[in-house]
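Colleague: Next one to model:
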Amino acid sequence: MVRLPAVPGSRFEEITRRTGGRVHRVRLGNLAMSGGYDIVFECLGSRQSIGESLKWTRSRGQVVLVGTGAGGVDLTPIWFNELRVVGAYGRQIETFEGRRVGTYQLVHEWMSDGRLNARGLLTHVFRIGDYRRALAVAADKSRHLAIKVAIDFREKTPSKERA
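Modeller: Okay, here's the model as predicted:
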């Protein structure tokens with residue numbers, strides 16, 4: 001995973017540098033882009049991340065919405081750039097290696113046996129006494145560069161923030 005700058009304009013500049021696109025300043029201080037990625041997987045589900053994912057996808061590209069939750073997103077890039085938007089919902093029963101298994105169970109098995117390493121997704125860990133700080137970081141993930149925030153209830157683990 002590659003981290004992007006926290007400032008929206010800087011993120012757009014970085015995406016255009018990577019893809020050869022161009023940033024355009026449009027009405028009301030908004031940003032648009034020509035060029036961009038062929039396919040973008042949006043996994044956070046915030047209004048800002050969905051909106052930027054739509055803008056960072058090239059014309060006739062595809063956005064896969066994995067994250068859920070946000071409403072009120074500017075959908076202009078969908079019709080303006082003729083994007084294909086696909087939802088991905090991971091809670092289902094799969095047939096895998098000859099057996100029927102729930103998606104979450106399968107992912108848990110993969111993590112347990114080392115086939116899937118998700119350590120990089122957990123960016124911040126707090127003790128229960130630091131729950132206010134944990135909630136503040138989770139509420140403002142972009143400012144803290146957080147992906148997943150957890151509370152560790154074990155008695156002997158020191159409180160820490162991992163970035």
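
Colleague: Can you get me a residue count around the residue lying closest to Glu42 once chain neighbours are set aside?
Modeller: Of all residues not flanking Glu42 in the chain, Ser53 sits nearest, at 3.9 Å (CB to CB, 6 or more residues apart in numbering). Backbone N, C-alpha and C define where each C-beta goes, glycine included. Counted with other CB atoms under 10 Å, residues neighbouring Ser53 total 24.

Colleague: any idea how far Gly20 is from Ser53?
Modeller: Distance, Ser53 to Gly20, by CB to CB, to the nearest Å: 18 Å.

Colleague: cool, and Thr123?
Modeller: Thr123 is 30 Å from Gly20, by CB to CB.

Colleague: Looking at the two, which one has more neighbours?
Modeller: Comparing Thr123 with Gly20 by other CB under 10 Å, the one with more neighbours is Thr123, at 18 against 10.

Colleague: Name the SS class of the more buried one, please.
Modeller: Classification of Thr123 using DSSP: H, G, I helix; E, B strand; the rest coil returns strand.

Colleague: Pull up the gap between it and Asn30, please.
Modeller: As for Thr123, its distance to Asn30 is 29 Å (criterion: CB to CB).

Colleague: One more: Gly36?
Modeller: The gap separating Gly36 from Asn30 is 16 Å, by CB to CB.
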